[in-house]
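Asks: Return a 3D structure for these sequence lines:
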Amino acid sequence: MARVVISYGGTSLQTANIITQEIEHESIDGKQLDMQKLASRDGAKFLSANFNPRVIRLRGYIKDTTQANMEAAIDTFKQTLNATTKNLDIGYASGTRRYVCDMARITLLRAHYNVTFAEWEAEFICHKTPFGKTLDTTSSEHTITSLSTYSGSYVATGNYKPKPRIIITFSEVAAITHIRIRNITTGDWIDIDNASGYVNNDEIIVDCDQYTVTLNDVAWDYSGFFPQFQPSGNDLRISFGPGIHYKATAIIIYYPLYL
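Replies: Residues are numbered from 1 along each chain as shown. From the prediction side, this is the model:
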């Protein structure tokens, strides 16, 4: 079987001297279920769920031609894995699965008679997000014209709810002070108001990952909630008001996420 392509921080962990044999990244270590116990009733009411940081474990061996070269290679190997918050890229599903993580542990197993060979284990923690993602984003673009509300099915790839950036750009606009983005499927909506009125070439970015809204790269107030999305399909609506003359593009950009 061919070795799996794997790198950390852009440095390969599959070379002539560093061999990665086992990669544990497909498991889900912990899903936290928030339950409400109901008085005098069996069971509980499900409220919500979230995931603990993901733990990824690697095992392999390191070798070189002399003891001095071997120990220099070990030092370099530990320095590589000690880099802070880097991309761990693993060849998977005919592509690459990317995890953003930090090394939490390195164990070197070196028998006294092995001066040019040692087994190693490393553990990584994906703390910011416990999900894998693709290297490239996926996007869709839609045109919204006067007297219309964008209404469409937004079906994301991946198997976990995506956190897209929604970019709205006006090419023509008059008497529009209000933008609403709604996901009918989840019931979430966010309003972005501009009392002065939007003008041609205004760009509004709603980032559902970073929980930010900007107008022409300046932080902007909003009301409501950042919409959540399901991987199986979403009934998305984008509307403007109170005026009726506008032409805008809405671009939805996201990384497919994987459990």
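
Asks: how many other residues sit next to the residue nearest to residue 131 when sequence neighbours are not counted?
Replies: Of all residues not flanking residue 131 in the chain, residue 257 sits nearest, at 4.3 Å (C-beta to C-beta, 6 or more residues apart in numbering). Quick note: C-beta positions are derived from backbone N, CA and C, even for glycine. When neighbours are counted by other C-beta atoms under 10 Å, residue 257 registers 21.

Asks: same thing with residue 141?
Replies: Quick note: residue 141 (other C-beta under 10 Å) scores 10 neighbours.

Asks: pretty sure it is in a strand, no?
Replies: Yes. Using DSSP: H, G, I helix; E, B strand; the rest coil, the assignment for residue 141 is a strand.

Asks: Tell me who's in contact with it.
Replies: 249-252 (C-beta atoms under 8 Å, 6 or more residues apart in numbering).

Asks: Please repeat the previous calculation with a cut-off of 10 Å.
Replies: Residue 141 is in contact with 167, 249-253, counting by C-beta atoms under 10 Å, 6 or more residues apart in numbering.

Asks: Closest one to residue 110 out of those, please.
Replies: Of all the contacts of residue 141, residue 110 sits closest to residue 253, with 46.9 Å by C-beta to C-beta.

Asks: That closest one belongs to a strand, doesn't it?
Replies: Yes. Residue 253: assigned to a strand according to three-state DSSP.

Asks: from memory it sits against residue 156, does it?
Replies: No. Using C-beta atoms under 10 Å as the test, residue 253 is too far from residue 156 to be in contact (11.1 Å).

Asks: Now the two most distant members of the contacts of residue 141.
Replies: Once C-beta to C-beta is applied, the contacts of residue 141 give 249 and 253 as the farthest pair, at 12.3 Å.

Asks: anything in contact with each of these two?
Replies: Common neighbours of residue 249 and residue 253 (C-beta under 10 Å, 6+ apart) are 141, 167.

Asks: Residue 253 and residue 156: who's more crowded?
Replies: Counted by other C-beta under 10 Å, residue 253 and residue 156 do not tie: residue 156 has more neighbours, with 23 against 16.

Asks: which residues sit in contact with that one?
Replies: Neighbours of residue 156 in contact, by C-beta under 10 Å, 6+ apart: 138, 140, 162-164, 229-234, 252, 254-257.

Asks: now with 7 Å?
Replies: Residues counted as contacts of residue 156 (C-beta atoms under 7 Å, 6 or more residues apart in numbering) are 162, 229, 231, 254, 256.

Asks: for residue 126, same thing?
Replies: 53-54, 56, 99-101.

Asks: Out of those residues, list just those in helices.
Replies: Among the contacts of residue 126, none falls in helices (DSSP state H).

Asks: now the end-to-end length of stretch 26-36.
Replies: 30 Å (C-alpha to C-alpha, to the nearest Å).

Asks: Rounded mean pLDDT for it, please.
Replies: For stretch 26-36, mean pLDDT is 88.

Asks: Can you give me the buried ones in that stretch?
Replies: When burial is assessed from 16 or more other C-beta atoms under 10 Å, stretch 26-36 yields no buried residues.
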